[in-house]
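Asker: Can you look at this prediction? I've put the sequence above it.
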Amino acid sequence: MKKIIILALAVVASASFCTVDAKKKKKEVKQKEVVVPVELKNSSDSVSYAAGMAITNGLMPFLKQQHGIDSASIGIFLKAFEEVINAGESPEAKAKVAGVEIANQVRGRMLPGISSEFKDSPDSIISDLFYRGFIDAMKQDTTHFKQAVAEEFFKQKQEADKLAKEEKLYGANRDAGIKFLKENAQKEGVITTASGLQYKVLVKGEGEVPQKTDKVLVNYEGRLVDGTVFDASAKHGDKPAEFRADQVIKGWTEALTMMPVGSKWQLYIPQELAYGERNAGNIKPYSTLIFDVELIGIDKPKTEEPVKAEPAKPAKTAKKTAKKK
């Protein structure tokens, strides 16, 4: 009797599971997307269809690389694509598309850029509040800031935090340069110009002095105040470097337009006449620089000699012959 009851329960349970499974399958069939067959009736139909397929060439790798979309998510992508296409040109459709585009720009470029700017500063950017500020501004919600006040506050904090960040990261580097120049100015043979440039003549040249727009040929080596060599003409080949005197840092331009060809000077360039707050490869912001510069020559453009005009040949006079009678 007990075995019969257990068997009956098993049959009922099996029937129940089959019913549930059947209902589930039936529901899945109902939700299955109905794909309308495509009919290409003429040449225009075929070229239109082919054009749509052709422009997807390379799209999948682009979606994966730029948006992190893989083949498993392509259905969601296509659903959104079709929604936008089918919505037409209504204001609602345009607003939705614009919202997605702007959101991607803000999240992908603007927020990372501003966050990076405030890195290592006294403040940091909190993404949730950043987005909320954006949304409230578009809603004209002035609970915390009016638009103009928010812009001015952000600008002031941006400038103050930038200075604090630079002081934290590069203050010691700037101070080391100031100390070096102060001590260097007292050394024998060092000349300081009105701009703050310092130089020492190692070899006195007797040639022509370049103008700002002249192309010069120089050998050089550049060092930091701690002696680290960051660049040299010898690293770029066995020929002198060539450039216009006004297409380099200010300290170089000033020195070159005072140096006669054949000179070799040692330049001590304060950061204001070098790269200033910019980071230039191995050169940290606010770095004082030292250069050994040898002015080899000036590359003057060759002027073509005027073509000499040949003297005009005298015109020939026609000879008249008398007819014999």
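Answerer: Arrived safely, thanks for sending.
Asker: give me the low-pLDDT residue ranges for the protein?
Answerer: 1-33, 302-325 (pLDDT under 70).
Asker: make it 90
Answerer: For the chain, the stretches with pLDDT under 90 are 1-36, 66-73, 79-94, 96-97, 100, 238, 281-282, 299-325.
Asker: Counting by contacts, list what the longest helix along it packs against.
Answerer: Scanning the chain for the longest helix, with DSSP state H as the assignment, gives helix 147-184. Applying 3 or more Cβ pairs under 8 Å, 6 or more residues apart in numbering; DSSP states H and E, one finds that helix 147-184 contacts helix 127-138, strand 264-269. C-beta: built from backbone N, CA, C; applies to glycine.
Asker: Give me the buried stretch members for that helix, please.
Answerer: 161, 165-166, 170, 173-174, 176-177, 180-181, 184 (16 or more other Cβ atoms under 10 Å).
Asker: Leu289: which of these is nearest?
Answerer: For these, the residue nearest Leu289 by Cβ to Cβ is Gly177; the value is 8.5 Å.
Asker: the strands in this protein, which residues?
Answerer: Applying DSSP state E to the chain gives strands spanning 191-192, 198-203, 215-224, 229-232, 241-244, 264-269, 289-299.
Asker: picking up where we left off before, take the helices and strands packed on helix 147-184 and write them to JSON lines, including mean neighbour count and distance to Asn219.
Answerer: Output for the helices and strands packed on helix 147-184, formatted as JSON lines (neighbours: other Cβ atoms under 10 Å; distance: least, Cβ to Cβ, whole Å):
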{"stretch": "helix 127-138", "mean neighbour count": "12", "distance to Asn219": "51"}
{"stretch": "strand 264-269", "mean neighbour count": "22", "distance to Asn219": "9"}
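Asker: Distance to Gly99 added to the ones you listed, as TSV?
Answerer: Formatted as TSV, the helices and strands packed on helix 147-184 follow (distance: least, Cβ to Cβ, whole Å):
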stretch	distance to Gly99
helix 127-138	10
strand 264-269	51
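Asker: the inter-axis angle of the longest helix of the chain versus strand 215-224?
Answerer: For helix 147-184 against strand 215-224, the angle by axes from the mean of the first three to the mean of the last three Cα atoms, to 10 degrees is 90 degrees.
Asker: Helix 147-184 to strand 289-299, inter-axis angle?
Answerer: Going by the same axes, to 10 degrees, helix 147-184 makes 90 degrees with strand 289-299.
Asker: one step back: pick the most buried one from the strands of the chain.
Answerer: Per residue and on average, the most neighbours among the strands of the chain fall to strand 264-269, with a mean of 22 (mean count of other Cβ atoms under 10 Å).
Asker: quick one: Asp45 from Ala51, how far?
Answerer: 11 Å (Cβ to Cβ, to the nearest Å).
Asker: Looking at these two, which is more packed in?
Answerer: Asp45 (12 against 9; other Cβ atoms under 10 Å).
Asker: Understood, closing this out.
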